[in-house]
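[1] with the sequence up front, the predicted model follows.
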Amino acid sequence: MVWEDKEKLLSDGTIDCLWSCYSMNERENKYQWAGPYMYSRQMVVVRAESEIRTLQDLKGKRIAVQATTKAEDLFLHNIESDLPQAEQVNCFSSPNELYAALRKNYADAIAGHEAMLGSLIQDGKGAYRMLEESPYKSELGIAFKKGTHEELAEKLTETLTEMQSEGITEKIVTKYGLDADETLPGGESK
């Protein structure tokens, strides 16, 4: 689906929920939530040979983000942060467009959820690297239209909690190169 259409699709019933690195932060009262099931840092990825090493090195650079995301809000300075002013911020509809912008050198860096960008790093086989700093941490949840699916959201939250207590969630996040103590509720990032 086109991510920018997510609210319309949810409100008109075309989809039942949003479950894709969707941040609960600053949206707690906007939806019926299940979760949080994970914490995700907003991160920045550059090509392996890039001279960009820190967030401050992004000053005057071309950044690509996915439209209507926390990364977009951060780099457009709609969320308070210490990020420097970029030369331009390009907003794309899909992660694949972000990846292409970096691959084709249309952007100096891309930003988004660590879990999403981690797959690019893995699949890139050394072509990309992630900066160590993070400008923002998010609680990820499953969003349902406000006033709907209360029972389902509650059961889903219970199931996610059970999966974590049984070690299933830790195995999943570890498989994708994430640190369970940093990413799972009850870990260090809470």
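    Cool, got the structure. Numbers count the residues shown, from 1 in each chain.
[2] the nearest residue to L140 once chain neighbours are set aside: neighbour count?
    Nearest residue to L140, sequence neighbours excluded (CB to CB, 6 or more residues apart in numbering): M38, at 4.6 Å. Every C-beta, even on glycine, is put in place using the N, C-alpha and C of the backbone. When neighbours are defined as other CB atoms under 10 Å, M38 has 26 of them.
[3] tell me the secondary structure at M38.
    Classification of M38 using DSSP: H, G, I helix; E, B strand; the rest coil returns strand.
[4] with the one 4 residues further on instead?
    Assigned by three-state DSSP, the conformation of Q42 is strand.
[5] that one reaches L74, doesn't it?
    Yes - judged on CB atoms under 8 Å, Q42 makes contact with L74 at a distance of 6.2 Å.
[6] overlap in contacts of these two?
    Applying CB atoms under 8 Å, 6 or more residues apart in numbering, one finds that Q42 and L74 are jointly contacted by 111, 135-136.
[7] if we can go back for a sec, tell me the pLDDT of the residue nearest to L140.
    The model reports M38 with a pLDDT of 90.
[8] surely it touches A115?
    Yes - under the criterion of CB under 8 Å, M38 makes contact with A115 at 7.4 Å.
[9] I'd say I63 and A86 touch.
    Yes - I63 is within contact range of A86, at 4.6 Å (criterion: CB under 8 Å).
[10] which residues sit in contact with the closest residue to N29 other than its chain neighbours?
    Spatial nearest neighbour of N29, excluding adjacent residues (CB to CB, 6+ apart): K146 at 8.0 Å. The contact partners of K146, taken as CB under 8 Å, 6+ apart, are 29-32.
[11] taking these one by one, which sit in strands?
    Cross-referencing the contacts of K146 against strands under DSSP state E gives 31-32.
[12] out of the contacts of K146, who's nearest K70?
    K30 (14.1 Å; CB to CB).
[13] next up, phi/psi of that closest one, please.
    When read as degrees, to the nearest 10, the backbone of K30 gives phi -90, psi -30.
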